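*Asks:* give me coordinates for this.
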Amino acid sequence: MKSEIVRQLLMRFHAVEVGMHSYGFLRKDALPRGTIIGRYTSIAEGLKIFRRNHPLDTFSTHPYFYNSMLGYVKLDTIPNNDENPLVIGNDVWIGANVTILPGCRIVGNGAVIGAGAVVTSDVEPFSVIAGNPAKEIGQRDVEKAMHIQGNVWWEMEPLDILDVINNKSAFEANGNGYGK
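*Replies:* You can find the predicted model right below:
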């Protein structure tokens, strides 16, 4: 998403921060208040994000007894969206129909979440996770990941990134190794 105006509107009216060139979340109710998404993140259709859950350690799991907006209790008794924001890093790929539960506060840079995954805890940078509950099934190339993490390429614009990629290809064609 290149539109600065759309990103400003998301921030102003929905308290959602979205980095340049990230896409796939344009339903107004898809992202809870306080969500932060880095740059170049790809989100497929059907993402569901929950920032709070029904309590299991009280006499009832009903919202009347923990949600102050319903008028029965003066204060929320479990964290709300503002108290439990979700941070999705840069260059993250989230597959179709992923569910992210309140136990996940951070999806690290470069992570991949497989379609249909139910994410219950934080996702490490450059890990590949899938399943219900989601588990790590692989890692993106660690050497490249460390190089990528170190040079924060996502702060660059697409044409500048392509120049770096093309120069790296020429560098490797001359017999030099990646990152050496």
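
*Asks:* tell me which residue lies nearest the centroid of the chain.
*Replies:* Ile88 (2.4 Å; C-alpha atoms, centre = their mean).

*Asks:* could you list the domains of this structure?
*Replies:* Per automatic domain parsing, the structural domains of the chain span 4-50+86-138, 52-84.

*Asks:* between the ones you listed, which gets nearest to Glu157?
*Replies:* domain 4-50+86-138 (8.1 Å; C-beta to C-beta). To be clear about C-beta, it is placed using only N, CA and C from the backbone, and glycine gets the same treatment.

*Asks:* end to end on that closest one, go ahead and measure it.
*Replies:* End-to-end distance for domain 4-50+86-138, by C-alpha to C-alpha, to the nearest Å: 35 Å.

*Asks:* average pLDDT across that domain?
*Replies:* The average pLDDT for domain 4-50+86-138 rounds to 92.

*Asks:* show me which residues of stretch 126-143 are buried.
*Replies:* Buried residues in stretch 126-143, counted by 16 or more other C-beta atoms under 10 Å: Phe126, Ser127, Val128, Ile129, Ala130, Ala134, Arg140.

*Asks:* quick one: residues contacting Met69.
*Replies:* Contacts for Met69 (C-beta atoms under 8 Å, 6 or more residues apart in numbering) come out as none.
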